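Peer 1: I'll drop the sequence and a predicted model, then ask my questions.
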Amino acid sequence: MAHFFKVSVFISALLIGSTACSSSEKAASTSSPAMYPAWYSTAAFDAYSTSFHGFATAISADSVVAIANAELQARTNLESAIAYKMEEVRTALEEEGNSTVTNSDFILTLRNAHNQVQETASLSNGASRSDEGYYRGYAKVSITKSDFDQLLKSAFSGKPDYWQLFSSSAAYADEMN
């Protein structure tokens, strides 16, 4: 009988403990802040009417390092997406029958131009949130379309024919507007 009583008390304690844990977990999840900052986009890249934005998140034991790592990844995301867009412009020109855009010199000039985006873009927002012993950093880097246009124009300096061909194309105008 004493053994039965001990087992009953043990089972009751387990049931009460599991009920208490599950209700506190529900309460914690409903009162916790949003997973992402309001300015953060889960897309790695966004293009708006006046600027391009790259986004990323990173994890670290230190909040400052988490933001710094997220910023580095956001810069990479921004440059990669812009490189893809500029390659689409170059491909459109090639499909229109323009052979100049297939020259290795033209391709290298374009590549070197968009590689400068990582250095030129600025950190628009950065934040970190503590989560179970580590920090998740969030970053948004941006470059205005007018600054990007100037960056490309500068990279094409000394090659005005290339710049005229590229910047006056309909595909480039579509990306920049």
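Peer 2: Okay, I see it. Residues are numbered from 1 along each chain as shown.

Peer 1: contacts for stretch 57-64?
Peer 2: 40, 66-67, 69-70, 72-73, 128, 130, 133-139 (Cβ atoms under 8 Å, 6 or more residues apart in numbering). C-beta: built from backbone N, CA, C; applies to glycine.

Peer 1: which of these lies closest to K159?
Peer 2: Nearest to K159 among these is L72, at 30.6 Å by Cβ to Cβ.

Peer 1: where does the spatially most central residue of the chain land on pLDDT?
Peer 2: Nearest to the geometric centre of the chain sits F55, at 2.0 Å (Cα atoms, centre = their mean). F55 carries a pLDDT value of 98.

Peer 1: for I67, grab phi and psi.
Peer 2: phi -70, psi -40 (degrees, to the nearest 10).

Peer 1: and the strands in this structure, which stretches?
Peer 2: 45-47, 51-60, 122-131, 134-144 (DSSP state E).

Peer 1: can you list the ones you listed in CSV and add distance to D161?
Peer 2: Formatted as CSV, the strands of the chain follow (distance: least, Cβ to Cβ, whole Å):
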stretch, distance to D161
strand 45-47, 27
strand 51-60, 26
strand 122-131, 31
strand 134-144, 25
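
Peer 1: figure out which of these is closest to G158.
Peer 2: strand 134-144 (22.6 Å).

Peer 1: show me the contacts for D161.
Peer 2: T100.

Peer 1: state the distance from it to S168.
Peer 2: Distance, D161 to S168, using Cβ to Cβ, to the nearest Å: 11 Å.

Peer 1: now swap in V141 and tell me
Peer 2: Distance, V141 to S168, using Cβ to Cβ: 29 Å.

Peer 1: who has more neighbours out of the two?
Peer 2: Higher neighbour count among V141 and S168: V141, with 28 against 9, using other Cβ atoms under 10 Å.
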